[in-house]
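Student: Any chance you could fold what I've pasted below:
(2 chains)
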Amino acid sequence: MKASALCVVRWILGGCFVYLGWVKTRDPVAFLKVIREFNLLQAPLLMNVVAAWLPWFECWCGLLLVLGVGVRAAAMTLAGLLAAFSIMVWLRALQLMPSFDGSFCSLSFDCGCGSGEVFVCQKLLQNGCLFIGALLLVWQGAGRLALWPKVGFLKLNQS
Amino acid sequence: MHHPTHDGGEFLHPNHVSACHMRVAWLEWLFVLGLGLPLAVVLNHHLDSGIDITRDYFPDSSPQSPAASKIQPADFQAEVREAISRLERKGFSALSMDQVWFLLGSEEWKTEQIVLIDARNEAAYAAGHLPLAYRFDHYHPEEHLDEVLAACLVASQIIVYCNGGQCEDSEFAAAYLRDMGVETSKLAVLAEGMHGWLLAGHPVVLGDRQDDLIEWETILGNIELEVVQP
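Tutor: Predicted coordinates:
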């Protein structure tokens, strides 16, 4: 894959996480309330830790991707987070379906993703695209305009 | 051992490449996680609106029901009934809108024997609140606790409200005040909350608390005029 295309993927993925993380850091209490609604974490300490630290960590990983620093590890971390988020959104949608009259894809709720109320299918599709982008970066490397480290297999022998 | 590549560069021996790559990968992981997590901890700690990791923000609460969402706003009265039974379980009394509306004209309210507490956030308070209500966001108690606690300790009745229905912030705020020494018997919650208040067409006041009384009397005067001259 072309290095310039990888660079665009890196910027889009990184930009998304910087933005979505930043929105959550502006109102961590709102994020905490959404986490509680998911009913997946029961212990107050766990809920607090996720609400307090995860948004900043998302920003950090997104920033690393934008700058092109530690790209493979950052992309792999974000791929893991995206997979976990998607499973949680899907489970939450299944929880809500019995009390909802419409179809699965017409169900919308605030998933705590930083983008407000969203349609489930749209969110899952969006996460899927970002997940593929993250895997591309893990597999292919940072592409052009990355600051550090330049670790493509083909370049290792020159360092 | 070097091998030529298609673009003129050279491969290292595959075993060597793997070892180098693993070393760089570990460095990357160390950098991303080892710096990212402490950074998140520090930033949250220094932010005014940050979360206190050690606090239980939802005391005495059962897990939320699966339908606890804004997807079915039509059945607000069912939410209110559920809120009332939840309040009873927690030992707080629930007040209806009519009771609060009646109290707003009383002398006890004007002399702050009856105190209103708005448990919503700053933006919601600024957009409209009950007259003479103190703002007390239990997620950030340090902002107004001294002022609110002083008023609560001398009051004979304290009415806490948030958005009503599924909103539990008024209950958590009441529980917080109870833990700070306010008698449980003095604490009551407006179960319909601000959502029910507005649905009923009752007026609210805007802006700073010190101007509330003048604004409220003006609003009431206008309502009386409308009634006299329909």
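Student: contacting residues for the residue nearest to B:Val154 when sequence neighbours are not counted?
Tutor: Of all residues not flanking B:Val154 in the chain, B:Glu112 sits nearest, at 7.5 Å (CB to CB, 6 or more residues apart in numbering or on different chains). C-betas here are computed from N, CA, C, even on glycine. With contacts defined as CB atoms under 8 Å, 6 or more residues apart in numbering or on different chains, B:Glu112 is in contact with B:Leu132, B:Ala151, B:Val154, B:Ala155.
Student: now B:Glu112: how far from chain A?
Tutor: According to CB to the nearest CB, to the nearest Å, B:Glu112 and chain A sit 28 Å apart.
Student: next one: phi and psi at that residue?
Tutor: phi 60, psi 30 (degrees, to the nearest 10).
Student: now the contacts of B:Glu112 as TSV including neighbour count, secondary structure and pLDDT?
Tutor: Shown next, in TSV, are the contacts of B:Glu112 (neighbours: other CB atoms under 10 Å in any protein chain shown; DSSP: H, G, I helix; E, B strand; the rest coil; pLDDT from 0 to 100):
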residue	neighbour count	secondary structure	pLDDT
B:Leu132	19	coil	90
B:Ala151	18	helix	92
B:Val154	9	helix	91
B:Ala155	20	coil	93
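Student: quick one: which of those is nearest chain A?
Tutor: Chain A has its nearest neighbour among the contacts of B:Glu112 in B:Ala151, at 23.5 Å by CB to the nearest CB.
Student: Quick check: the closest one vs B:Ser49, distance?
Tutor: Per CB to CB, to the nearest Å, B:Ala151 is found 24 Å from B:Ser49.
Student: now do B:Ser61
Tutor: With CB to CB as the criterion, B:Ser61 and B:Ser49 are 22 Å apart.
Student: Looking at these two, which one has more neighbours?
Tutor: Under the neighbour definition other CB atoms under 10 Å in any protein chain shown, B:Ser61 and B:Ser49 were set side by side, and B:Ser61 has more, 16 against 13.
Student: Wait, a strand at the more buried one?
Tutor: No: under DSSP: H, G, I helix; E, B strand; the rest coil, B:Ser61 falls outside any strand and is assigned coil.
Student: correct me, but it touches B:Glu168?
Tutor: Yes: using CB atoms under 8 Å, B:Ser61 is in contact with B:Glu168, at 6.6 Å.
Student: For B:Leu149, list the residues it contacts.
Tutor: The contact partners of B:Leu149, by CB under 8 Å, 6+ apart, come to B:Leu177, B:Met180, B:Gly181, B:Val182.
Student: do the same with B:Asn44
Tutor: A:Pro28, A:Ala52, A:Trp53, A:Trp56, B:Gly50, B:Ile51.
Student: need the contact list for A:Leu82.
Tutor: A:Leu82 neighbours (CB under 8 Å, 6+ apart): A:Asn127, A:Leu130, A:Phe131, A:Ala134.
Student: excluding its backbone neighbours, what's nearest it?
Tutor: Nearest to A:Leu82 is A:Phe131, by CB to CB, 6+ apart, at 4.5 Å.
Student: Can you name the residues in contact with the helix or strand that neighbour falls within?
Tutor: Element membership for A:Phe131, per DSSP states H and E: helix A:120-140. The contact list for helix A:120-140 (CB under 8 Å, 6+ apart) reads A:1, A:6, A:9-10, A:12-13, A:16, A:65, A:71-72, A:75-76, A:78-79, A:82-83, A:85-86, A:89-90, A:93, A:104-105, A:107-109, A:111, A:113, A:115, A:143.
Student: Just the buried ones out of those, please.
Tutor: Neighbour-count burial (16 or more other CB atoms under 10 Å in any protein chain shown) applied to those gives A:6, A:9-10, A:13, A:16, A:65, A:71-72, A:75-76, A:78-79, A:82, A:85-86, A:89, A:93, A:107-109, A:111, A:113, A:143.
Student: In this structure B:Ile53 contacts A:Ala51, no?
Tutor: No: here B:Ile53 lies out of contact with A:Ala51, judged by CB under 8 Å, at a distance of 9.3 Å.
Student: So which of the two has more stuff around it?
Tutor: With neighbours defined as other CB under 10 Å, B:Ile53 and A:Ala51 compare such that A:Ala51 has more, 26 against 17.
Student: what separates the more buried one from B:Glu217, distance-wise?
Tutor: Taking CB to CB, one finds A:Ala51 at 42 Å from B:Glu217.
Student: do the same with B:Ser106
Tutor: Taking CB to CB, one finds B:Ser106 at 14 Å from B:Glu217.
Student: Over to B:Thr184?
Tutor: On the measure of CB to CB, B:Thr184 and B:Glu217 end up 33 Å apart.
Student: Same check on A:Met47?
Tutor: From A:Met47 to B:Glu217 the distance is 44 Å (CB to CB).
Student: swap in B:Leu132?
Tutor: When B:Leu132 is compared with B:Glu217 (using CB to CB), they lie 12 Å apart.
Student: Next: B:His45.
Tutor: 45 Å.
Student: again, but for A:Leu78
Tutor: Where B:Glu217 is concerned, A:Leu78 sits at a distance of 56 Å (CB to CB).
Student: How about the helix or strand containing B:Ala175 and chain A, any contact?
Tutor: Taking DSSP H and E as the definition, one finds B:Ala175 inside helix B:169-179. No: using CB under 8 Å from any CB of the partner chain, helix B:169-179 never reaches chain A; the gap is at least 8.8 Å.
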